[in-house]
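J.: Model the structure of this input:
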Amino acid sequence: MATKKTRHTARIWLLTIVALILVFYVVHLATREKLPIRVATAAIGDLTKTSATNGKVEPEPQANFEAHAPFPGVVRAVYVHSGEAVPGGKLLLAMDDSQAKEQVANARAALKGAEANYQAAVHGGTPSQQITLTGNLDNARIARDQAQQDLQALQRLESTGAASASEVSAAQQRLAADTSALQVLEQQKKNGYGSADVAHALAALQDAQAAYAAAQDALRQAVVHAPFAGTVYSLPVAPTEYVQQGDRLLSMADLHQLQVIAYFDEPEIGDLQTGQPATIVWDARPAEVWHGHIVRLPSTIESFGTRNVGEVLVSLDDADGHLLPDTNVRVTVTVANESNVLVIPRDALYFEQGSPYVYRVAGGSLHRTQVTLGKLNLSDAQIVSGLKAGDVVATGTTNGQPLGDGQPVTIVQ
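T.: This next block holds a predicted model:
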């Protein structure tokens, strides 16, 4: 009997303890503090992602012109000022060309001499040399014929005993010498100059022609005219100033044909594609915005100060003459533009080992929910799966406490 009574008492105590635990748990649930949270609602909208950097404006190559000093000398006159719009053909600048004219005259004289030498090499000598050679040939033929006649006469006399054998031998030697001299002159007239002599004369002629053309070109470049209608945007020289050969005299361009070299940091290059739209802002005209598109992506990464960047070429679509070459601008490229997608604030995203999730708010508590992401920008994220339009997600607490799965919450507006 005592044993049964003891078991009964133990059972009562156990039930009592369980009841107390349940009551304590219920009271705890009913009385625990709710996290104050901020929330956002998943909604269908548009998501635009941009990438911004700095860049420099330059004219398109076919719309740019630079004049350089063709020789060392003095700038005689400047007929325009920096920033002036000029029509095609307008006289812009002139250098003192007196020495250039003298060089053209010297080059022309050298060319004439080279032409004469080449013609002489091709035709066997100059006209006076050819006349002299012809005269020498005639004299050599006369001398040979006379030596042959003398030899024949002595041979007849020798047969009658009127001439000695030594006299005949001497006449034979004279004939042989005159014949040999004639053959040398005939060979000289036939062959003229050797092939090596002709080649050398031709090379000298070609050098003289190139020097004459270069002298003429330098003389033409001493006077600078506008090759097309445009704007003089750089004029680093002044009248009476001495310049070295190759120094830049002026730069002009058609300011309706411009491009921008944009310097994008290495991690951002992967989002860039040709054809993506870009906006260009110049601090000197902050109220104006120009538009363009990417036409060339970088082929290499270069150091740019403390940055590793790639040079992206942006063509301007609406250059209006107000944007100037060599100016520093801000370039913003739209790298993504998604329409009618499910979007939430980026603040609502959390990651664990690279896997994204959110805290969905339902029934007064938080529910950790895995999601699949699409495009991201600085403020918003595209949700491909895991949520639907109208779902409420927590973006954080107002008291700094961390969020947790299953926690009761109260929404703070």
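
J.: which one's the longest helix in this structure?
T.: helix 127-160 (DSSP state H).

J.: So for that one, what gets flagged as buried?
T.: For helix 127-160, burial by neighbour count (16 or more other CB atoms under 10 Å) applies to 133, 136-137, 140, 143-144, 147, 150-151, 154. Every C-beta, even on glycine, is put in place using the N, C-alpha and C of the backbone.

J.: what's the answer for stretch 397-405, then?
T.: Along stretch 397-405, the positions that meet the burial threshold by neighbour count (16+ other CB under 10 Å) are 397, 403.

J.: rewinding a little: so can I have CSV of the buried residues of helix 127-160 showing pLDDT and distance to residue 227?
T.: What follows is those, written out as CSV (pLDDT from 0 to 100; distance: CB to CB, whole Å):
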residue, pLDDT, distance to residue 227
133, 61, 54
136, 73, 60
137, 72, 60
140, 79, 65
143, 82, 70
144, 86, 70
147, 83, 75
150, 83, 80
151, 84, 81
154, 82, 86
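
J.: out of these, who's nearest residue 283?
T.: Distance from residue 283 was checked for each of those by CB to CB. The minimum falls on residue 133, at 82.3 Å.

J.: Domain map for the chain?
T.: Domain assignment for the chain by automatic domain parsing gives 33-47+340-411, 50-60+253-338, 67-92+223-252, 103-216.

J.: Could you provide those domains in CSV, with additional columns for distance to residue 15?
T.: What follows is these, written out as CSV (distance: least, CB to CB, whole Å):
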stretch, distance to residue 15
domain 33-47+340-411, 29
domain 50-60+253-338, 61
domain 67-92+223-252, 96
domain 103-216, 115
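
J.: Helix, strand, or coil at residue 287?
T.: Here residue 287 is recorded as coil under DSSP: H, G, I helix; E, B strand; the rest coil.

J.: What is the neighbour count of it?
T.: The local packing of residue 287 (other CB atoms under 10 Å) involves 5 other residues.

J.: can you pull the pLDDT of it?
T.: In the predicted model, residue 287 carries a pLDDT score of 91.

J.: could you measure it against residue 302, distance?
T.: Taken as CB to CB, to the nearest Å, the spacing of residue 287 relative to residue 302 amounts to 33 Å.

J.: With residue 403 instead?
T.: Relative to residue 302, and taking CB to CB, residue 403 is found at 44 Å.

J.: and residue 266, what is it in contact with?
T.: Contact criterion CB atoms under 8 Å, 6 or more residues apart in numbering gives 301, 308-310 as the residues in contact with residue 266.

J.: Which residues lie in contact with the residue nearest to residue 348 when sequence neighbours are not counted in this structure?
T.: If the residues on either side of it in the chain are set aside, residue 348 comes closest to residue 393, at 4.3 Å by CB to CB, 6 or more residues apart in numbering. With contact taken as CB under 8 Å, 6+ apart, residue 393 is in contact with 39-42, 344, 348, 358-361, 387.

J.: Narrow the contacts of residue 266 to those in strands?
T.: 308-310 (DSSP state E).

J.: ok, which stretches of the stretch 151-300 of the chain are strands?
T.: Defined through DSSP state E, counting those that start in this stretch, the strands belonging to the stretch 151-300 of the chain, from first to last, are 223-225, 230-234, 242-243, 248-253, 258-265, 277-281, 290-296.

J.: With distance to residue 328, mean pLDDT and mean neighbour count as added columns, please give these in a markdown table.
T.: What follows is the strands of the stretch 151-300 of the chain, written out as a markdown table (distance: least, CB to CB, whole Å; pLDDT from 0 to 100; neighbours: other CB atoms under 10 Å):
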| stretch | distance to residue 328 | mean pLDDT | mean neighbour count |
| --- | --- | --- | --- |
| strand 223-225 | 28 | 97 | 18 |
| strand 230-234 | 15 | 95 | 21 |
| strand 242-243 | 28 | 96 | 15 |
| strand 248-253 | 17 | 96 | 22 |
| strand 258-265 | 10 | 96 | 22 |
| strand 277-281 | 11 | 97 | 20 |
| strand 290-296 | 14 | 97 | 17 |
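
J.: rewinding a little: out of the buried residues of helix 127-160, which one sits closest to residue 408?
T.: Closest approach to residue 408 among the buried residues of helix 127-160 (CB to CB): residue 133, at 123.5 Å.

J.: so how far is residue 377 from the nearest residue to residue 380 once chain neighbours are set aside?
T.: Residue nearest to residue 380 in three dimensions, not counting chain neighbours: residue 343, with 5.1 Å by CB to CB, 6+ apart. Between residue 343 and residue 377 the computed distance is 10 Å (CB to CB).

J.: Repeat that for residue 161.
T.: 132 Å.

J.: For the two, indicate the residue with more neighbours.
T.: Comparing residue 161 with residue 377 by other CB under 10 Å, the one with more neighbours is residue 377, at 17 against 7.

J.: For the more buried one, grab phi and psi.
T.: The main-chain torsion angles of residue 377 are listed as degrees, to the nearest 10 and equal phi -130, psi -170.

J.: swap in residue 121?
T.: The main-chain torsion angles of residue 121 are listed as degrees, to the nearest 10 and equal phi -70, psi -40.

J.: Can we start the residue count at 130 from this point?
T.: That works, and once the first residue is 130, the last one we named lands at residue 250.

J.: wouldn't it be in contact with residue 330 here?
T.: Yes. With the criterion set as CB atoms under 8 Å, residue 250 and residue 330 qualify as a contacting pair; they are 4.0 Å apart.
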